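Colleague: sequence-free structure coming up:
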């Protein structure tokens, strides 16, 4: 039986978001949320009936905010808003991201400050639960006034327009809704604006990248520990006293992770036993990974605030029955963290590639050149390092912050925008590149350990990691196509099986 997520508007977690997006967990709206939504709608109806001038309800949008819209024109205004704003470009967002956009919009509306009818929220929930996923182009949002273009594409199938995926097939929106047995809707006053004014596209992309980054951070520690084993690293650099005197939480946690992973290993050495100290890519893992750890923790704090916040405009307050126009749709509170996320993840790949170089370069690691016997005839892992370097270099370009850019829109009315959706998309791309680099390091480190001759006992956490990599990628004796080996190593990161095996071996200790 699939997990069921109760939507209150206030308590959605990152893990619940991932469950709905990737495991098709069912969504149920709480009774309190239903009541708040209905009460908020009553306020909008009274504002329309009274002819009160409120942005987006009885006026046009953006530069047209001073144009008054009559009661009779309200329905056409809301429909026109959606069909004219659905101008996205590029490839569609992946299915999990599109589902995340829908779920986050549901959670936003469930807070009861948007003035939509309950039927709209129920329709989105039915689409999630029955597997109707709008086709949403990934490009075209400035990140203020919210993710207008992507969210408009999300709404189109609700109106019987646009395209949606259903049971693996891309269909016209009305056909997808009909096959799923979900009635389409007609928008009334405020509803079009309430569905598209917000940060849900950038937040879905960035939150799922964050979810994966948390796993990658742990996996990068495992890869570093395996490289530590292969290089017979100096364990003194992980001494808890050393890290306690520099009290960054991430640094201390990373050092503790490495100590746990390497516990019981005979490969590690003491300073002066083989060498006095290691190169930075080994010795400074706690400092480098730890800094990314702290950055990722910061991003998580901001994402967990955002996924349970109101990002609509105007916002309806039922106590004094008003609609206040503000700027909660602005993506800057997410744009900066997602730029930071991209930088933090990029650095995990940066130092991982340097550890790969330390393994394949005979003048650094002392192994046969490019980790293969009979070099010359065999190239071994030479081009694996090339590929890792290419991905790392691409990440450096992608890590340039999007949030420092702004282009005015709507005839200067919207004169500062966040580019937060671009920041989130870049972070997701950086994550994919970084994960592949770490997969390459895992493969190279296991090869180097084999070249040690297997005479040493491995650590409590590194031993199961080594065994899992060897299940999907045997030792390289003679040259063979390596791209499938890398794919296989990456697959056990994506499906989380390597991480699960290591965490099981560590028992009560949590990475």
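Modeller: Sure, I can see it. In this text, all values refer to a predicted model and were calculated from it rather than measured experimentally.
Colleague: drop to CA atoms for contacts and neighbour counts, all remaining ones
Modeller: Will do.
Colleague: Can you tell me which residue sits nearest the middle of the chain?
Modeller: Geometric centre of the chain, nearest residue: residue 209, 1.5 Å, by CA atoms, centre = their mean.
Colleague: separation between the residue nearest to residue 506 when sequence neighbours are not counted and residue 414?
Modeller: Leaving aside its sequence neighbours, residue 506 sits nearest to residue 461 (CA to CA, 6 or more residues apart in numbering; 6.1 Å). Separation of residue 461 from residue 414 (CA to CA, to the nearest Å) stands at 53 Å.
Colleague: In terms of neighbours, single out the busier of these two.
Modeller: Counting neighbours by other CA atoms under 10 Å for residue 461 and for residue 414 shows that residue 461 has the greater number, 28 against 14.
Colleague: thinking again about what came up before, so the residue nearest to residue 506 versus residue 429, what's the distance?
Modeller: Per CA to CA, residue 461 is found 29 Å from residue 429.
Colleague: Kindly provide the distance from residue 362 to residue 242.
Modeller: Between residue 362 and residue 242 the computed distance is 30 Å (CA to CA).
Colleague: Pretty sure residue 408 sits against residue 417.
Modeller: Yes. Here residue 408 lies in contact with residue 417, judged by CA atoms under 8 Å, at a distance of 7.0 Å.
Colleague: These two - which one has more neighbours?
Modeller: More crowded of residue 408 and residue 417, by other CA under 10 Å: residue 417, with 23 against 12.
Colleague: Contacts only, for that one.
Modeller: 142-145, 330-332, 405-408 (CA atoms under 8 Å, 6 or more residues apart in numbering).
Colleague: what's the answer for residue 421, then?
Modeller: Neighbours of residue 421 in contact, by CA under 8 Å, 6+ apart: 141-143, 147, 201-203, 205, 335.
Colleague: element containing it, please.
Modeller: Assessed by DSSP states H and E, residue 421 sits inside helix 420-451.
Colleague: Quick one: mean pLDDT over that helix.
Modeller: For helix 420-451, the mean per-residue pLDDT is 97.
Colleague: how about that helix: buried residues?
Modeller: 420-451 (16 or more other CA atoms under 10 Å).
Colleague: do stretch 326-346 as well
Modeller: 327-346.
Colleague: Ends of stretch 353-367, what's the gap?
Modeller: End-to-end span of stretch 353-367 (CA to CA): 17 Å.
Colleague: residue boundaries of the helices in the stretch 201-350 of the chain?
Modeller: Ranges of helices in the stretch 201-350 of the chain, per DSSP state H, counting those that start in this stretch, are 240-244, 249-262, 280-283, 285-306, 332-360.
Colleague: how about those helices, which one is nearest residue 5?
Modeller: helix 285-306 (15.9 Å; CA to CA).
Colleague: Next, the angle helix 249-262 makes with that closest one.
Modeller: Computed with axes from the mean of the first three to the mean of the last three CA atoms, to 10 degrees, the direction of helix 285-306 lies at 120 degrees from that of helix 249-262.
Colleague: how far off helix 332-360 does helix 285-306 point, in degrees?
Modeller: 150 degrees.
Colleague: and helix 285-306, which residues are buried?
Modeller: Applying 16+ other CA under 10 Å to helix 285-306 flags 285-297, 299-300, 302-306 as buried.
Colleague: just checking, what packs against the one helix or strand residue 387 maps to?
Modeller: Using DSSP H and E, residue 387 falls within helix 382-398. Applying 3 or more CA pairs under 8 Å, 6 or more residues apart in numbering; DSSP states H and E, we find helix 382-398 packed against helix 332-360, helix 420-451.
Colleague: Nearest to residue 399, out of those?
Modeller: helix 332-360 (5.4 Å).
Colleague: elements contacting that closest one?
Modeller: Counting by 3+ CA pairs under 8 Å, 6+ apart, helix 332-360 packs on helix 200-230, helix 280-283, helix 285-306, helix 362-365, helix 382-398, helix 420-451.
Colleague: Format those helices as a markdown table; extra columns: distance to residue 185.
Modeller: Shown next, in a markdown table, are these (distance: least, CA to CA, whole Å):
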| stretch | distance to residue 185 |
| --- | --- |
| helix 200-230 | 21 |
| helix 280-283 | 57 |
| helix 285-306 | 28 |
| helix 362-365 | 65 |
| helix 382-398 | 40 |
| helix 420-451 | 28 |
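Colleague: The ones you listed: lowest mean pLDDT?
Modeller: helix 362-365 (a mean of 91).
Colleague: Tell me the buried residues in that one?
Modeller: Buried residues in helix 362-365, counted by 16+ other CA under 10 Å: residue 365.
Colleague: cool, stretch 318-328 as well?
Modeller: Neighbour-count burial for stretch 318-328 flags 318, 322-323, 327-328 (criterion: 16+ other CA under 10 Å).
Colleague: ok, of these, which one's closest to residue 151?
Modeller: Checking the buried residues of stretch 318-328 against residue 151 by CA to CA gives residue 328 as the nearest, at 15.7 Å.
Colleague: surely that closest one meets residue 312?
Modeller: Yes. With contact defined as CA under 8 Å, residue 328 counts as touching residue 312 (6.2 Å).
Colleague: For those two, list the residues in contact with both.
Modeller: residue 198.
Colleague: rewinding a little: got JSON lines for the contacts of residue 421, with distance to residue 265 too?
Modeller: Compiled in JSON lines, the contacts of residue 421 are given as follows (distance: CA to CA, whole Å):
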{"residue": "141", "distance to residue 265": "51"}
{"residue": "142", "distance to residue 265": "51"}
{"residue": "143", "distance to residue 265": "49"}
{"residue": "147", "distance to residue 265": "51"}
{"residue": "201", "distance to residue 265": "46"}
{"residue": "202", "distance to residue 265": "43"}
{"residue": "203", "distance to residue 265": "42"}
{"residue": "205", "distance to residue 265": "39"}
{"residue": "335", "distance to residue 265": "43"}
